[in-house]
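In: Have a look at this prediction, sequence included:
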Amino acid sequence: MVALGHAGIGNFKGCLPGTYHGVSGRHVQECLDEFCCRLNRRFWEYQIPNRLPKLCVMHQPDFLQPVGCSWPCKFLMMDIQALKDCVPTSPAFVLDEIGVLKGLKALAILRERSGCKLLYSIKSLPLSAVLELSKPYVDGFSVSSLFEARLADEVLAGQGRLHLTTPGIRPDEINELTSLCSHISCNSISQYGMVSNVAKNQASIGLRINPKLSFTADARYDPCRQYSKLGADMDDVLRSDIVGEIKGLHFHTVFSATDYAPLMQTLDKLRHFMGDGFTGLDWLNLGGGYLFDQIADDSGFVERIAQLKNDFDLEVTIEPGNAVVGDAGYLLATVIDCFNSDGKTIAVLDTSVNHHPQVFEYQRQPEVCGHDPNGLYPVILAGSTCLAGDIFGEYRFNQALLVGDKVVFKQVGAYSLVKSSRFNGYNLPDVYTANGEQIRRIKHHTYQDYRQQWMSDE
C-alpha cells in the first residue's frame, strides 16, 4: 500500500512539468483534482462516450477576476468580488444566466439520450428571464396554479406543452385551466371526477398517485408522509374504476435526490401495482425532486425510460426546477450595523430571511461566499426585521465584517425569490441578470408597489 502511495505521488510530480507544464499555487488544487479523477477512472473507458458530453456542458470555466469593474460591467462567470463591485443596489437577487444554461444543457443531453419529455417546473423561479432561457431546451413548463398557467402560456405563445398538478383546483377555474393546459394530473379521485366532467377532451387528464414510499426521515420534505395531501392512495385507485379512464399517471416522491435509487424503487412498485394497466395509459410523469446535474451516472435512468417506452408505448416526462436554477441564484446584501451581544459579533444585513424563507421554514443555514470554518472572525449574520428568529446563522471570515461590506449568499436560485415577502415594510430585493457580458437590473419595486398591496381598492 505504501509503495502504491509513493507511485501515485511520483506520477503526480511527473505530471506537473509534463502534462501541465508547470502550475501556480492558485491552480494546484485543480490539477490535483484532475489527476485523481484520471487515476480513479482509468478503467472507465466504456463510459467516456456518454459521460464526456454531459461533463463538458456542466463544467464552469475559471476566469481571472476583472480589475476596476464598474456597472454595467463585463465578466465571464459569477465572480463574487465582481458581483459585489458591479451591483449598485442592495439587497439584490442576481441570476447567473450562464449557470441556468449549464443546467439546461445537461438536462437537454439527458432528454436526448433517454427520449423523455422535459418540462421546467416554474414554481421554483417563474422569472421571465428563466422562462425565456428555458424555451429552446424544454418541451414546455409544469405549473401549479391558474396564475402560473397564464404566465407560462404567455411565454410559450402556443409553442409547447403545459402540465398542471395541484391540490388546489377551484371549480370556477376549471374551464380556463383545461383550455390553457395540455395535461392535468389530478390530485385525488374526487378532483379527477370534477375536472374530467368539464374538460371535454380539451386536456389529457391523468391522476397523481401516492406510491407510499418515503425516502427522507424529515416529514417536511416528504410528499409521501403519513396523511399526505399529495396524490391519490394507490389502494383506493385500484379499488375504483378510474384506471380504465385516466390518460396518465404522475408521482413525486423525493426532495433534492442525488441518485436514481428512489425512482427505480418507485417504478418497480408502480409496475407491480398497475400490472397490465400501463398499456391503457398515454403518459407517465415522473415529477421532479432530482438534482439531475449532480447524478454522474444516468445509464440506469436511460435504460428504464427506454423500457417503459418499448413495453407500454408511454410518453415519459420529468419536471426539474431546482436542478435548473438552484445553483444559479445569488442574494447580495450589505452590512448596515455591527455590535456585540453576549460576547458575539452581530452583523445586521439590509436583507432578511423573508427574502430566503427556507432558512426559517426548514431551519437551514445558507452558504455564504467567503465563509471559512477556520476563519479568525466569527459573526452572526442577522436580518433587519423585528423577528427574533431572523438569523441566517453563524459564520467565520478571514477579515472582520464592517458596516458597508457586502455579503453574498449562494445557491438561492430556487424557492427563495418566489417566496419573498415585504414583512415589516422592507422592500423586496432588486433583481439582476448576469449573462457573461454585463449585469442588468430587470426588476425594481417601489413604495407604490407596497402601498398598492395594502391599500383598499375602494
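Out: Received it, and whenever you're ready, just let me know what you need.
In: What strand or helix carries residue 85?
Out: Using DSSP states H and E, residue 85 maps to helix 80-86.
In: what's the offset of that helix from the middle of its chain?
Out: Mean-position distance between helix 80-86 and its chain equals 23 Å (Cα atoms, centre = their mean, to the nearest Å).
In: Could you export that helix as PDB, keeping only the C-alpha atoms?
Out: Taking Å, rounded to 0.1, in the frame of the first residue of the first chain, the C-alpha atoms of helix 80-86 are listed here in PDB:
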ATOM      1  CA  ILE A  80     -18.100  37.000  -6.400                       C
ATOM      2  CA  GLN A  81     -15.900  40.100  -6.000                       C
ATOM      3  CA  ALA A  82     -17.000  41.400  -9.400                       C
ATOM      4  CA  LEU A  83     -20.600  40.900  -8.300                       C
ATOM      5  CA  LYS A  84     -20.000  42.900  -5.200                       C
ATOM      6  CA  ASP A  85     -18.300  45.600  -7.200                       C
ATOM      7  CA  CYS A  86     -20.800  45.700 -10.100                       C
END
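In: After the helix or strand containing residue 274, which helix or strand is next?
Out: Per DSSP H and E: residue 274 is located in helix 261-274. Per DSSP H and E, the first helix or strand lying C-terminal to helix 261-274 is strand 283-285.
In: nearest residue to residue 294 other than its sequence neighbours?
Out: Sequence neighbours aside, residue 258 is the residue nearest to residue 294 in space, at 4.9 Å (criterion: Cβ to Cβ, 6 or more residues apart in numbering). The way it works is simple: take the backbone N, C-alpha and C, and place the C-beta from them, glycine included.
In: quick revisit: could you give the average pLDDT over the helix holding residue 274?
Out: The average of the pLDDT scores along helix 261-274 is 92.
In: chain center to that helix: distance?
Out: In terms of Cα atoms, centre = their mean, the centre of helix 261-274 is found 24 Å from the chain centre.
In: Repeat that for stretch 415-434.
Out: The mean C-alpha position of stretch 415-434 is separated from the chain mean by 17 Å, Cα atoms, centre = their mean.
In: Measure how buried the closest residue in space to residue 389 that isn't next to it in sequence is and give me the count.
Out: Spatial nearest neighbour of residue 389, chain neighbours left out: residue 360 (6.1 Å); criterion: Cβ to Cβ, 6+ apart. Residue neighbour count, defined by other Cβ atoms under 10 Å, stands at 17 for residue 360.
In: what sits against residue 360?
Out: Neighbouring residues of residue 360 by Cβ atoms under 8 Å, 6 or more residues apart in numbering: 353, 354, 387, 389, 390.
In: do the same with residue 220
Out: Contacts of residue 220 by Cβ under 8 Å, 6+ apart are 361, 362.
In: Just the pLDDT for it.
Out: Reading off the model, residue 220 has pLDDT 89.
In: and it, how far is that from residue 165?
Out: Using Cβ to Cβ, to the nearest Å, residue 220 is found at 20 Å from residue 165.
In: Now the element after the longest helix along the chain, going C-ward?
Out: Identified as the longest helix of the chain according to DSSP state H is helix 97-114. Downstream of helix 97-114, the first helix or strand assigned by DSSP H and E is strand 117-121.
In: mind listing what's buried in the next helix or strand after that next one?
Out: Going down the chain from strand 117-121, the next helix or strand is helix 128-134, by DSSP H and E. Residues of helix 128-134 classed as buried by neighbour count (16 or more other Cβ atoms under 10 Å): 129, 130, 131, 133, 134.
In: Make CSV out of the residues you listed and add pLDDT and distance to residue 85.
Out: Formatted as CSV, the buried residues of helix 128-134 follow (pLDDT from 0 to 100; distance: Cβ to Cβ, whole Å):
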residue, pLDDT, distance to residue 85
129, 96, 22
130, 97, 25
131, 97, 29
133, 96, 25
134, 97, 29
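In: Now do the same for residue 11: its pLDDT.
Out: The model's pLDDT for residue 11 equals 67.
In: what's the spacing between stretch 394-406 and its chain's center?
Out: 28 Å.
In: what does stretch 398-415 give?
Out: Worked out by Cα atoms, centre = their mean, stretch 398-415 lies 20 Å from the chain centre.
In: what does stretch 237-248 give?
Out: Using Cα atoms, centre = their mean, the offset of stretch 237-248 from its chain centre is 32 Å.
In: Give me the residue at the spatial middle of the chain.
Out: residue 322 (0.9 Å; Cα atoms, centre = their mean).
In: remind me which residues of the stretch 1-150 of the chain are low pLDDT?
Out: Scanning the stretch 1-150 of the chain for pLDDT under 70 picks out 1-8, 10-31, 41-77.
In: how does it look with 50?
Out: For the stretch 1-150 of the chain, applying pLDDT under 50 flags the ranges 26, 62-76.
In: At which residues are the strands of the stretch 301-450 of the chain located?
Out: For the stretch 301-450 of the chain, the strands defined by DSSP state E, counting those that start in this stretch occupy 315-318, 329-341, 344-349, 377-382, 391-397, 406-410, 430-434, 439-443.
In: Take those strands and lay them out in CSV including distance to residue 450.
Out: Listed next are the strands of the stretch 301-450 of the chain as CSV, based on distance: least, Cβ to Cβ, whole Å:
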stretch, distance to residue 450
strand 315-318, 38
strand 329-341, 19
strand 344-349, 20
strand 377-382, 23
strand 391-397, 23
strand 406-410, 23
strand 430-434, 14
strand 439-443, 14
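In: can you redo these as JSON lines with distance to residue 184 and mean neighbour count?
Out: Below are those laid out as JSON lines (distance: least, Cβ to Cβ, whole Å; neighbours: other Cβ atoms under 10 Å):
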{"stretch": "strand 315-318", "distance to residue 184": "13", "mean neighbour count": "22"}
{"stretch": "strand 329-341", "distance to residue 184": "29", "mean neighbour count": "18"}
{"stretch": "strand 344-349", "distance to residue 184": "42", "mean neighbour count": "19"}
{"stretch": "strand 377-382", "distance to residue 184": "43", "mean neighbour count": "18"}
{"stretch": "strand 391-397", "distance to residue 184": "39", "mean neighbour count": "18"}
{"stretch": "strand 406-410", "distance to residue 184": "36", "mean neighbour count": "22"}
{"stretch": "strand 430-434", "distance to residue 184": "31", "mean neighbour count": "22"}
{"stretch": "strand 439-443", "distance to residue 184": "31", "mean neighbour count": "16"}
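In: can I get those strands in CSV with mean pLDDT and distance to residue 94?
Out: Formatted as CSV, the strands of the stretch 301-450 of the chain follow (pLDDT from 0 to 100; distance: least, Cβ to Cβ, whole Å):
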stretch, mean pLDDT, distance to residue 94
strand 315-318, 96, 27
strand 329-341, 97, 4
strand 344-349, 98, 15
strand 377-382, 98, 18
strand 391-397, 97, 17
strand 406-410, 97, 8
strand 430-434, 96, 5
strand 439-443, 95, 7
